[in-house]
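Engineer: Task: produce atomic coordinates for the following.
(4 chains)
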Protein chains: 2
Amino acid sequence: MAKSNPPLPSVPVRQRGVTMNDVAKHAGVSRTAVSFVLSNRENTSISEETRARINTAVQELGYRPNAGARALASRRSDWYGIVTEIVTAPFAVDIIKGAQDQAWLDRRFLLIAPSDQADAVGPNQGLEDAATEKLLEQRVEGLLYAATFHRGVHVPASANEVPTVLINCFDADGKLPSIVPDERGGGRVAVERLLQAGHTRIGVINLDPVIPAAVGRLEGAREALSAAGLELDPELVVSGYATADGGYEAACRILDHPNRPTALFCLNDRMAMGAYDAIKERGLTIPADIAVIGFDNQELIAAYLRPKLTTVALPFEKMGALGVQTLAALTAGQPILADQQLVDCPLLERSSV
Amino acid sequence: MAKSNPPLPSVPVRQRGVTMNDVAKHAGVSRTAVSFVLSNRENTSISEETRARINTAVQELGYRPNAGARALASRRSDWYGIVTEIVTAPFAVDIIKGAQDQAWLDRRFLLIAPSDQADAVGPNQGLEDAATEKLLEQRVEGLLYAATFHRGVHVPASANEVPTVLINCFDADGKLPSIVPDERGGGRVAVERLLQAGHTRIGVINLDPVIPAAVGRLEGAREALSAAGLELDPELVVSGYATADGGYEAACRILDHPNRPTALFCLNDRMAMGAYDAIKERGLTIPADIAVIGFDNQELIAAYLRPKLTTVALPFEKMGALGVQTLAALTAGQPILADQQLVDCPLLERSSV
DNA sequence: GTGAAAGCGCTAACAC
DNA sequence: GTGTTAGCGCTTTCAC
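Structural biologist: As a prediction, this is how the structure comes out:
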């Protein structure tokens, strides 16, 4: 899609020209005073009057600090970098949103560098390395890595040069701190909701059984059941591709079981979407004949299916914010709570249970 | 969601310490030579041998240029800024992807600043102003504004200080260049596809009739029809909320018309999703009994509906790339093609026609 | 090809 | 409270 431009020599940017020196002169004070006032330094009694004079000068001259120069002199950039495949594969965008918002609140800037969707384990680490390198050239104070789906990853070696936090993924070969969803808790809460509605025979549409999401969610489901003295019927647990079609097929198999369940726990919303079709095709009604609960809370699906899908949300935004908070603690030299922080996956009631 | 941290004083970032001076010494050359080699300067005959020596030194020392210092000295940052609500409201994310990729190709960095979803016309311009200001403090060389949906916007005044390009929106009160989708062409291609399949009686599920998307798409539809000597039956054009529910209701009204159409043009995919339900409820089959065509190509919907939805795609990625290309031309002092560039909305064949 | 020198806009000591 | 003095790491003349 994108086409490489001929390298265009950019014309030097027209600076506003107004520097801190100009402000100082205009206000009739020292540059030091201006610097102090503008950076809100403490322990420096500058009279309210001078302060006001300086601020006026700033206004009148239209002075705008030069963030780059400040970073150079102070050896502090106020930038974090996030390298992520999310830009490329629009899922889990809310991680970026959460991180951005939190960074903004902390008066920090988030530099976003795209990486390839390919797992860093693979041969495709080139882009990821390049992104990290670029970020480091900008002298970011900390690094965030975010994945579209929960998994183990390998991070470029140079990430060790600054504090680093992983979001929605974890360090497959080291001890970098990470923020991940509490899949197990999510699975538990989903099935608890089903139990509460009186369902005891529950079918499960499973993901690829080896990924952390599947492992955790299923574990949680079993926990909830056994707490109620029940267990999963292995014949009612079927895996499929993580798509609507996969969900459709899996649902067909479950629904055509001689002893059909009264509820379906779909391990993601896309599969639930397919399950809806299978259910409707059989003339069954949701939730009267069969209850459905999903996972992921993909707005576009969950909120638009009819009936709207009750599902467990992945706390992307919160994870993003927490990632930045953790990074802030690290760069401030503070200890962090734990190597791996689990974030709750809350139940979102809609109309399918 | 995000919670404000207590302002953490960040510990000065541990620099790698290796500067250009070190490289020069290590290679036994002047710093000037190093600078020339690293920035790939032309018209400067440096022997292959020295060049190699310098590169080796860079490797051995693990030297990493300081982008900030370079920007300060050269008065050229190689950064563009994009302020957008897309981060906040995850629609049209591909604009960012397209822009990012193109920027990356051009060896430039894209700083993303979030703005509020609120239209800049409203009172909520605060965040947008702040974002622009922050970007300018970073001395970005150009500014991009991107919207989630096609509309007129007002851009902060300070945007005039650097070249600026609007993406998926246009300057409501000025002459800033913009990149927008060719809505009319999209409407035309959709209806042409329907005509080609033999449909002559076509229902339209319309959006809010005043927005550019509705105006353009409908105009295109009329064009295609009149080219075939046909016209739209006003009774078959019904507006609804841009949601699945809105689409459902509109579809009901159209389908229950005594002289039912054989095809439905839904002005967005969400509404098509609702229309599907209305159609299925009536025991009709897509596309045998009634063909459906959408608009937007929202993957999650279009690719997962059953049958998969034929729809017209919004060229977000291309628009993003084109925005950066246009900006590159502007910052290089080149003339640009036109104040407003239209980007094609291609038809995406799936199975609903 | 080199080296010196000036300067980008700012921070941070330090003596006043 | 102020002014001075050093840089931060790099680019860019310019004379050699």
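
Engineer: C-alpha from now on. contacts and neighbour counts both.
Structural biologist: OK.

Engineer: What is the neighbour count of the closest residue to DNA strand D within the stretch 51-200 of chain A?
Structural biologist: Proximity of the stretch 51-200 of chain A to DNA strand D (C-alpha to the nearest atom of the strand) peaks at residue A:73, 3.0 Å away. Residue A:73: 10 surrounding residues under other C-alpha atoms under 10 Å in any protein chain shown.

Engineer: and it, that one's in a strand?
Structural biologist: No: judged by DSSP: H, G, I helix; E, B strand; the rest coil, residue A:73 forms no part of a strand; its state is helix.

Engineer: hey, where'd the helices end up in chain A?
Structural biologist: Here chain A has its helices, by DSSP state H, at A:20-27, A:31-38, A:48-61, A:67-74, A:93-105, A:125-137, A:183-196, A:212-227, A:244-255, A:269-281, A:299-302, A:316-331.

Engineer: Enumerate the residues of chain A near DNA strand D.
Structural biologist: A:29-33, A:44-50, A:69, A:72-75 (C-alpha under 7 Å from any atom of the strand).

Engineer: what about burial for those, which qualify?
Structural biologist: Neighbour-count burial (16 or more other C-alpha atoms under 10 Å in any protein chain shown) applied to the residues of chain A next to DNA strand D gives A:29, A:31, A:33, A:50, A:69, A:72, A:75.

Engineer: Adding pLDDT and distance to residue B:318, write these out as a markdown table.
Structural biologist: Below are these laid out as a markdown table (pLDDT from 0 to 100; distance: C-alpha to C-alpha, whole Å):
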| residue | pLDDT | distance to residue B:318 |
| --- | --- | --- |
| A:29 | 88 | 51 |
| A:31 | 86 | 47 |
| A:33 | 88 | 49 |
| A:50 | 86 | 52 |
| A:69 | 92 | 35 |
| A:72 | 90 | 36 |
| A:75 | 88 | 38 |
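
Engineer: Could you state which residue of chain A sits nearest its centroid?
Structural biologist: residue A:95 (2.2 Å; C-alpha atoms, centre = their mean).

Engineer: Check the gap between that one and residue A:144 for me.
Structural biologist: Here residue A:95 is placed at a distance of 11 Å from residue A:144 (C-alpha to C-alpha, to the nearest Å).

Engineer: what does residue A:188 give?
Structural biologist: From residue A:188 to residue A:144 the distance is 29 Å (C-alpha to C-alpha).

Engineer: Could you check which of the two has the larger neighbour count?
Structural biologist: Between residue A:188 and residue A:144, counted using other C-alpha under 10 Å, the more crowded position is residue A:144 (25 against 21).

Engineer: The more buried one and residue A:160 touch, don't they?
Structural biologist: No: Residue A:144 is beyond contact range of residue A:160, at 11.5 Å (criterion: C-alpha atoms under 8 Å).

Engineer: Domain ranges for chain A, per the record?
Structural biologist: A:20-65, A:77-182+A:316-345, A:183-313 (automatic domain parsing).

Engineer: so which of those gets nearest residue B:130?
Structural biologist: Counting by C-alpha to C-alpha, residue B:130 lies closest to domain A:77-182+A:316-345 out of the domains of chain A; the figure is 10.3 Å.

Engineer: what sits against the residue of the stretch 51-200 of chain A closest to DNA strand D?
Structural biologist: By C-alpha atoms under 8 Å, 6 or more residues apart in numbering or on different chains, the contact list for residue A:73 is empty.

Engineer: and the closest residue to residue A:192 other than its chain neighbours, how many neighbours?
Structural biologist: Spatial nearest neighbour of residue A:192, excluding adjacent residues (C-alpha to C-alpha, 6 or more residues apart in numbering or on different chains): residue A:224 at 5.8 Å. Residues near residue A:224, counting by other C-alpha under 10 Å, number 23.

Engineer: give me the beta-bridge partners of residue A:170?
Structural biologist: Residue A:170 has these beta-bridge partners by DSSP bridges: residue A:152.

Engineer: any idea of the pLDDT on it?
Structural biologist: In this model, residue A:170 is scored at 96, pLDDT.

Engineer: That one: neighbouring residues, count only.
Structural biologist: A count of nearby residues for residue A:170, using other C-alpha under 10 Å, gives 26.

Engineer: correct me, but it touches residue A:152?
Structural biologist: Yes: the pair residue A:170 / residue A:152 is scored as a contact, 4.8 Å apart, by C-alpha under 8 Å.

Engineer: CSV for the domains of chain A, including distance to DNA strand C?
Structural biologist: As requested, the domains of chain A are exported to CSV (distance: least, C-alpha to the nearest atom of the strand, whole Å):
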stretch, distance to DNA strand C
domain A:20-65, 3
domain A:77-182+A:316-345, 10
domain A:183-313, 42
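
Engineer: got TSV for the ones you listed, with distance to residue B:139 too?
Structural biologist: Shown next, in TSV, are the domains of chain A (distance: least, C-alpha to C-alpha, whole Å):
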stretch	distance to residue B:139
domain A:20-65	9
domain A:77-182+A:316-345	13
domain A:183-313	37
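
Engineer: Which of these has the lowest mean pLDDT?
Structural biologist: domain A:20-65 - the lowest mean pLDDT of the domains of chain A, at a mean of 86.

Engineer: Report the contact partners of the residue of chain A found nearest DNA strand D.
Structural biologist: For chain A and DNA strand D, the shortest gap (C-alpha to the nearest atom of the strand) falls at residue A:47, measuring 1.9 Å. With contacts taken as C-alpha under 8 Å, 6+ apart, residue A:47 has no neighbouring residues.

Engineer: residue contacts, residue A:277?
Structural biologist: Per C-alpha under 8 Å, 6+ apart, neighbours of residue A:277: A:248, B:306.

Engineer: Mind doing that once more with 7 Å?
Structural biologist: Residue A:277 sits next to residue A:248 when contact means C-alpha atoms under 7 Å, 6 or more residues apart in numbering or on different chains.

Engineer: next one: residue A:27
Structural biologist: Contact analysis of residue A:27 by C-alpha under 7 Å, 6+ apart lists A:53-54, A:57.

Engineer: returning to what we had before: could you tell me how far the residue nearest to the centre of chain A is located from residue B:90?
Structural biologist: With C-alpha to C-alpha as the criterion, residue A:95 and residue B:90 are 11 Å apart.

Engineer: again with residue A:115
Structural biologist: Following C-alpha to C-alpha, the distance that separates residue A:115 from residue B:90 is 19 Å.

Engineer: Count the residues that sit near the nearest residue to residue A:26 once chain neighbours are set aside.
Structural biologist: Leaving aside its chain neighbours, residue A:26 sits nearest to residue A:57 (6.1 Å; criterion: C-alpha to C-alpha, 6+ apart). Residue A:57 has 20 neighbouring residues, counting by other C-alpha under 10 Å.

Engineer: Could you do the one 5 residues further on as well?
Structural biologist: By other C-alpha under 10 Å, the residues close to residue A:62 number 14.

Engineer: phi, psi of it?
Structural biologist: Per-residue torsions, residue A:62: phi 70, psi 40 (degrees, to the nearest 10).
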